[in-house]
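S.K.: what would the 3D arrangement of this be:
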Amino acid sequence: MPHELSWGDVYFSPLLLVLILAVTATWITVIIMNKTRLSRFIAFPSLTFIAIMVFYVVAIDNFYIPF
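M.R.: Numbering: from 1, shown residues only. Just a heads-up that it's a prediction; the model follows:
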């Protein structure tokens with residue numbers, strides 16, 4: 001279980017990597033939802049983006065990179 005990630009001589013929190021992966025996965029999900037026209041059923045797109053991102057943060061934290 002990593003406590004910190006290192007890149008050269010700089011140490012990063014694992015939460016930073018989890019957030020980057022979650023935002024990337026959320027963007028991909030939103031692009032897919034726009035192409036399949038599922039986004040027309042969403043009333044508040046910005047809140048939906050945040051909710052999907054929180055879901056990915058929790059999922060990545062539990063299954064991939066615990067922080």
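S.K.: per-residue pLDDT, Val57?
M.R.: pLDDT recorded at Val57 is 95.
S.K.: and the gap between it and Thr26?
M.R.: To Thr26, Val57 is 9 Å away according to Cβ to Cβ, to the nearest Å. To be clear about C-beta, it is placed using only N, CA and C from the backbone, and glycine gets the same treatment.
S.K.: what's the answer for Val18, then?
M.R.: From Val18 to Thr26 the distance is 12 Å (Cβ to Cβ).
S.K.: am I right that Ser6 is in a strand?
M.R.: Yes - per DSSP: H, G, I helix; E, B strand; the rest coil, Ser6 lies within a strand segment.
S.K.: list the neighbouring strands of the helix or strand bottoming out on mean pLDDT in the chain plus their orientation.
M.R.: Ranking every helix and strand in the chain by mean pLDDT, DSSP states H and E puts strand 5-7 at the bottom, with a mean of 77. Looking at strand 5-7 with DSSP bridges, its partner strands are strand 10-12 (antiparallel).
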